[in-house]
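K.L.:
Generate a structure from the sequence data that follows.
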Amino acid sequence: MKTINAATLTTFLFTALIIMAGATSANAQEQAQNKSSQPALLMSFTSQATGDSEGQLLWTMENLTNCKWFVIERSANASGFDSIGVVLGTNNTHSTDYTFTDAHLLSGNNYYRLRQVDMDGSSRYSRIVCLSNTAKATTTKNLQVYPNPAISVVNYTLNSTTATAAMVQVYSMSGVLVLTQQQQLSSGVNQQSLAISHLKSGNYFLKVISQNGAQYEQTFVKYL
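P.N.:
Predicted coordinates for the structure are as follows:
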């Protein structure tokens, strides 16, 4: 019967321990890789009004390990979306809460979706949520915009009940602010102009917000 000396036995046991340690390490790495390769989960995505013409988006992600950022997209009709902000992703395997504040809600319904952009450039979209802005009614009867279509300059006539400072804004039909200017309104009929030659051809709406909170809105077409 062949016997095993102490040196041979020690070498055998040491080799076995190395193999077991390697297997354990490989198993741990495999589990870590499997965990990190699991898809990120959008646990919730909601919207809420936080003030006059201001809203907040809230969403919760779990197992987010490959995200570069979130692009917040908004639409006035749930079809044509434009980017209005970016939030950086926090990569970990835990649950993480995110928020974004839209300080300039559109009148009526505001539709939002998230576009998650990963490190490799790939992207995916969330479901759409809607936030209705009914804080202030917008009137159009006192505001007239001309010429319509306009080429380089758009004019507006506004009948104001008081002398007041006003913020004049131009939005695309998808809700993106493309022009803003502060002007002074006098009591009675006002005639003002805006240079729009830098805008692309398309449909827009002009909004005038007086210092006392009154809002006036009218659509126009930019041509050429």
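K.L.:
so where's the protein uncertain?
P.N.:
1-39, 135-141 (pLDDT under 70).
K.L.:
Centroid-nearest residue for it?
P.N.:
Ile72 (1.5 Å; Cα atoms, centre = their mean).
K.L.:
Please name the nearest non-neighbouring residue to it.
P.N.:
Gly85 (4.4 Å; Cβ to Cβ, 6 or more residues apart in numbering). For every residue, glycine as well, the C-beta is placed using N, CA and C.
K.L.:
Could you check how far stretch 143-163 is from the centre of its chain?
P.N.:
Put simply, stretch 143-163 sits 31 Å off its chain's centre (Cα atoms, centre = their mean, to the nearest Å).
K.L.:
Actually, stretch 127-134.
P.N.:
On the basis of Cα atoms, centre = their mean, stretch 127-134 sits 13 Å off its chain's mean C-alpha point.
K.L.:
That stretch: which residues count as buried?
P.N.:
129, 131, 133 (16 or more other Cβ atoms under 10 Å).
K.L.:
again, but for stretch 43-63
P.N.:
For stretch 43-63, by 16+ other Cβ under 10 Å, it's 45, 47, 49, 53, 55-57, 59, 61, 63.
K.L.:
Which strand or helix spans the residue nearest to Ile72?
P.N.:
Assigned by DSSP states H and E, Gly85 falls within strand 82-88.
K.L.:
Dump that strand to CSV, restricted to CA.
P.N.:
Only the C-alpha atoms of strand 82-88 are listed here, as CSV (Å, rounded to 0.1, in the frame of the first residue of the first chain):
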residue,chain,number,x,y,z
ASP,A,82,-38.9,68.7,-27.2
SER,A,83,-36.1,68.6,-24.7
ILE,A,84,-36.5,71.0,-21.8
GLY,A,85,-33.8,69.8,-19.3
VAL,A,86,-31.3,67.1,-18.3
VAL,A,87,-30.7,65.3,-15.0
LEU,A,88,-27.6,63.3,-14.4
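K.L.:
Against which helices or strands is that strand packed?
P.N.:
Helices and strands touching strand 82-88, by 3 or more Cβ pairs under 8 Å, 6 or more residues apart in numbering; DSSP states H and E, are strand 67-75, strand 92-102.
K.L.:
just so I know, which of these lies nearest Val145?
P.N.:
Among the helices and strands packed on strand 82-88, strand 67-75 comes nearest to Val145, with 22.8 Å by Cβ to Cβ.
K.L.:
Kind regards, and thank you for your time.
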